[in-house]
Each structure stands twice: as C-alpha cells, then as structure tokens.
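[1] Build the 3D model from these lines:
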Amino acid sequence: DWSISRNRFWGSPIPVWVSDDPKYPRVDVYGSLEELKRDFGDYPRDHEGNINMHRPYIDELTRVNPDDPTGKSHMHRISDVMDCWFESGSMSFAQFHYPFENKETFEQHFPCDYIVEYIGQTRGWFYVLHIMATALFDKPAFKNVICHGIVLGSDGQKMSKHLRNYPDVNGVFNKFGSDAMRWFLMSSPILRGGNLIVTAEGIRDTVRQIMLPVWSSYYFFTLYANAANKGAGFDARELRADEVASLPEMDRYLLARTRRLIQKTESALDQFLISDACDAVSDFIDMLTNWYIRNTRDRFWNEDENAFNTLYTVLEAFMRVMAPLAPMEAEAVWRGLTGGESVHLADWPFLKDEKTGEDTELGRVLADDPALVDAMEKVREVVSNTLSMRKAKQIRVRQPLSKLTVVVENTDAVAAYADLLKSELNVKDIELCTLEDADKQGLKIIHELRVNARVAGKRLRKDVQFAIKASKSGAWHVDASGVPVCETPNGDIALEEGEYELLNGVEEKNAEEAANSVSTALPTGGFVILDTELNDDLVAEGYARDVIRAVQDARKAADLEISDRIVLKLTVPADDVAKVEQFKDLVASETLATSFEVVAGAELNVEVAKA
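    The predicted structure is shown next:
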C-alpha cells in the first residue's frame, strides 16, 4: 500500500479507527466530519478550539468499542497518515470538494481533457490518479496526456541555481524573444519523453531556423507590395476559389502544401503531439522560403497580381496555424498583414465545414493537387541532393556546370520542370532517363550498410561482429518498417537507430565519365549524376556570377532600394577582365547597371552609385 499510507506524523490522518482489544475486533472508516461528530460527540479541535483534522488532535478522538459488551476496549485511530500520492491521486474530485458539493460541476469535468507532467509520473501521479478513478468511478482519470522528459542544464546535469548551469531566462527573453524559447521547448525531444539540454546556442538556432525565416517571408511580401505601382503599393487580398485553377503551378503547389500543413498540424494538435506540429511547420517554412519565394522573386519584381494574392492568402492562413506555437510573432505578422485586432481572436483555418463535411471557402482555395505536389517534391528532392553533392565537392552554386542526369521512374513528371532545375542548380542541360534505360547503360544504385560497432556493441555484445560481417557480405535486408536486418548464424538481428548508416550510391561502368562526375541515390527512388568537368566558358561565367554577388553586396552596403539603377565601376585582376567582358550584359542586367566600366587592377573592387 505504498501509495496509501506512511508511518509519519505530518500528513492527512487516515480516518480508520480500530479496537484495542483483539477479542472484540472492530474497524470503523469515516467519510466526513459529521460522521466523526456523530460517533465521538465533537469535531477534532486544537487547543484554541478550532476544528483541526491533523495529528495530534484527531488522535484524541476515542470512544468505547460498541462491539465489546464489557465496555473495557476502546476505538483508536490507526497511527498512519495518507501518503501524498493518495492525496494527489484524489485531485480529480477533491478539487471540487466532491462528493460534498459541486456534484454537477465534477461530473461535467471528469475525466479531465488534458494533463501534463514529467515521465517519472507514469509510476507516480498518473498511476495513482487512474487507480483512484477506476476504483471509485470505473473510468480513467484523464483523456490525454503529455509526458515530458527532464530539462537539463547546459552541462547535461540537473538544473541548479547554485551551479548556474543554464542561461538566464530573462536574458534569453530579451535577446531572443519568448517565442524562441517556447519553440525550442515544444519542438524538442522533451515532449516525446526525452531529456533536453537547454543552451543559449540551441535557442539562437531556433531564431535562425524558424523565427527569422517567418519574419523574412513577411518582410519580403511587404517590401515588394509597398514598392509596387511606383511606390503607391499593391493592396493584396485573399484568393477566390474560382481563381485557383488558372494560377501558375508554383502558386497552386504552395496552396496545396498549405492545405497539407493545416491538416498535419490540426491532426497533431488534436492528438496533443505538439512536437509533430512543430515539425510540420518547420518543413513548411523551409519550402516557403527556400523554394516558393526563391523561385518567384521575378514575379514579385514584375508586380504579378497572382503572386501577391497567393502569398498573402498563404501567410494569413499560416499565421493562424502558427498562433498556438509562436503567439508573439504570429500576432505581429497577422496584424501587419490584415490590420485585424488579433490573430488569437480569429478562427482556426478550417478546411471542412463541420456540419456538411464540404470544403469551406478557404478549403476550396487551398485545393489539393496530389500529382502536382508529388512532382514538385521530386524536383525538390533532386535539387536538395544535387546541392549536397556540390557542397561535398566544394563546387559553389554560382559556378555553372554543363549537365545533370536525372534517373527516375516517371520522367514525364520531372520533364515539365527542367528549366526550374537548370535555374536552381545552375546547370546548362538536364538529361532525363528512366530506371530501365539507365540499367541498360550500366548505371545502377548500390546499397551499403555500415554498422557502428561502438554503439551497436553496447546492445549486441558479441553478436555485433556477426552483424558487421553480414553488412559487409551483403547478408542483410531492410524490413517493411525500413529497419535493416542482418542475417547471421545466430538468427536475424534488427539494428536500432544510431547503430547503423545506410548509404546509397551509384555504380557507373564508364570510368572516364565517373572520374568527371559525382552521383547520389535519391531517398524516394532513382538517382542523379552531376557532370563536374569545367571548360573555359563555364569558368568565365562562374567568375561573372561571383562579380554579380559582390555588386549586390555593394548595393546593400550603399543602402540602395531594390529598384534603384546604378552606375557601376569594376576593378578586376588583369587575367579576369576577359571573363567579365564576355558576360558584361549578364552582370549589367542582374545588377541594374545603366553604366558599366571594367578596368584592370590587383584585385576585385566594386564601386556603385545611384544612376
């Protein structure tokens, strides 16, 4: 009965009286003060005459044992007190003073909708709550629970005021904002039962990865909207459902992804999976800033009405999704967009009418398009993996390359975005090839499993050597859940996360082509091969694009507006003058230079002035 009684002085006395004579056993259990007064003639009182139910006053209540005909034995309260877990476990009804009053209120609120505590309470408070609720009401004590891990200091130890092993909370709020701290906690493993080390660096990363990109998206929209119509501005509005079908694919993709964001976050929040909701929002932010806005800048520059209205519609709905997760930033952006009183007074962006089950007006605007989304996600996957190859080979994105070969099952879905791939990856040509045709050319994906002996050895012990041998010999497979399984003499061994690394490569039969290219397999199937061989024209254009970047930095340093034309003077090393001259028109066009002078010098130097 560890959760019921304790042999202590302090605590709630257990209301059980027993006979002091085993010849005449009797046990009385009391459920109210009135019952005590009925049997003992008075309430338990302290020395000042006030009712006091604690020891030693309640122990003074004794009476003759009614079951003893001799009248010699007496009823005494047992010495134990209630364990604090019993009291905590009574919270469900004790908070309403049930059953003595508030019966209707208790019945309306029991079981409770939501409860939260750290993981140790699975055998403490949560457990006793359920025990009490089941015993008394034949129901669980609560419907939903978040069971978090332990918040640790920056040194990985328990937070301590003495050690000061955690960042100052007020300092964090003042420097990074409360939303950053809130997001850092909610998106972390701690809401999945794991532990969390709190560091200023981790909170700063949240600002960089979440808060700033959201604000940058809003700033981008307002910058171009305010500059439109020669500075008079463009008054963007929410899209109508009948306009969606005629929108460009990039707009329809963004609308469809916004629909999926709302569905994912709504489902996650309904299930109290807060970190899953944060993951969905984080993925959406990456798509919005690094894909949609990146690929539609020219349309905003050209004051495309559809682009303005699409981004406005998405940002407005997105802020309503963000509101429970980052309330301060969502409020600032939403009010700036709409002029409304507060995003927290607005409705959730429901896609379906609860009564009819039909799409709401917003649901019709945020129309799903599975084929478009799948194709665009494949293109994004190609871009992401190709950029990773560039980074691994230390080939800057501004350096154009001649060709990218994309090998996928459905080439038609990717073919429509060949120009987009060229632009994003800075390649001159996109060659598409089916998996079947690639196999005929001697190109195929090779899979490699690497076992981390140090990590896996802790669990597998001697069997880790069998797992390593199986991984090297190819005696392994991936099961239906995506887990690699090593086939050993001692039976199949399923590896756990952190114990292995799955590598997908590409085997090329042509040694010369392989020497001048880099390749990688795509996570969802297929692979890409990037031609890395450079000729004089590619090198010259790469230098010209480096110059463009330097000019743009100079424009920014000069505090020029995005629409300002400039007079440009470039000083470049003598060996590079011809490269700039070859792509002079490109440099002038990209930097809005109306006048352009190139002179030879010791190193690159940029001079800009407003035209």
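
[2] which residues touch residue 233?
    Residue 233 sits next to 225-227 when contact means CB atoms under 8 Å, 6 or more residues apart in numbering. All C-beta atoms are positioned from the backbone trio N, CA, C, and that covers glycine.

[3] would you put the C-alpha positions of the helix or strand where residue 541 lies in PDB?
    According to DSSP states H and E, residue 541 maps onto helix 536-557. Listed next in PDB are the C-alpha coordinates belonging to helix 536-557 (Å, rounded to 0.1, in the frame of the first residue of the first chain):
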ATOM      1  CA  ASP A 536      36.700  28.000 -70.200                       C
ATOM      2  CA  ASP A 537      33.100  29.300 -70.800                       C
ATOM      3  CA  LEU A 538      31.800  27.700 -67.600                       C
ATOM      4  CA  VAL A 539      34.800  29.100 -65.600                       C
ATOM      5  CA  ALA A 540      34.200  32.600 -67.100                       C
ATOM      6  CA  GLU A 541      30.500  32.600 -66.300                       C
ATOM      7  CA  GLY A 542      31.200  31.400 -62.800                       C
ATOM      8  CA  TYR A 543      33.600  34.300 -62.200                       C
ATOM      9  CA  ALA A 544      30.900  36.700 -63.600                       C
ATOM     10  CA  ARG A 545      28.400  35.400 -61.200                       C
ATOM     11  CA  ASP A 546      30.800  35.900 -58.300                       C
ATOM     12  CA  VAL A 547      31.200  39.500 -59.500                       C
ATOM     13  CA  ILE A 548      27.400  39.900 -59.500                       C
ATOM     14  CA  ARG A 549      27.300  38.700 -55.900                       C
ATOM     15  CA  ALA A 550      29.900  41.300 -55.000                       C
ATOM     16  CA  VAL A 551      28.000  44.100 -56.700                       C
ATOM     17  CA  GLN A 552      24.800  43.100 -54.900                       C
ATOM     18  CA  ASP A 553      26.600  43.300 -51.600                       C
ATOM     19  CA  ALA A 554      27.900  46.700 -52.500                       C
ATOM     20  CA  ARG A 555      24.300  47.800 -53.400                       C
ATOM     21  CA  LYS A 556      23.200  46.700 -50.000                       C
ATOM     22  CA  ALA A 557      26.100  48.400 -48.200                       C
END
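
[4] Check which element follows that helix along the chain.
    Following helix 536-557 in sequence, per DSSP H and E, is strand 566-573.

[5] how about that next one: buried residues?
    Using 16 or more other CB atoms under 10 Å as the test for burial, strand 566-573 gives 566, 568-572.

[6] got the angle for that strand vs helix 536-557?
    Angle of strand 566-573 versus helix 536-557, following axes from the mean of the first three to the mean of the last three CA atoms, to 10 degrees, is 130 degrees.

[7] Pull strand 566-573 out as PDB, backbone CA atoms only.
    Taking C-alpha atoms only, strand 566-573 is exported to PDB below (Å, rounded to 0.1, in the frame of the first residue of the first chain):
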ATOM      1  CA  ILE A 566      23.300  52.200 -60.700                       C
ATOM      2  CA  VAL A 567      26.500  53.400 -62.300                       C
ATOM      3  CA  LEU A 568      29.000  50.500 -61.900                       C
ATOM      4  CA  LYS A 569      32.800  50.500 -62.000                       C
ATOM      5  CA  LEU A 570      34.600  47.200 -61.600                       C
ATOM      6  CA  THR A 571      38.300  46.800 -61.000                       C
ATOM      7  CA  VAL A 572      39.300  43.100 -61.600                       C
ATOM      8  CA  PRO A 573      42.600  41.300 -62.000                       C
END
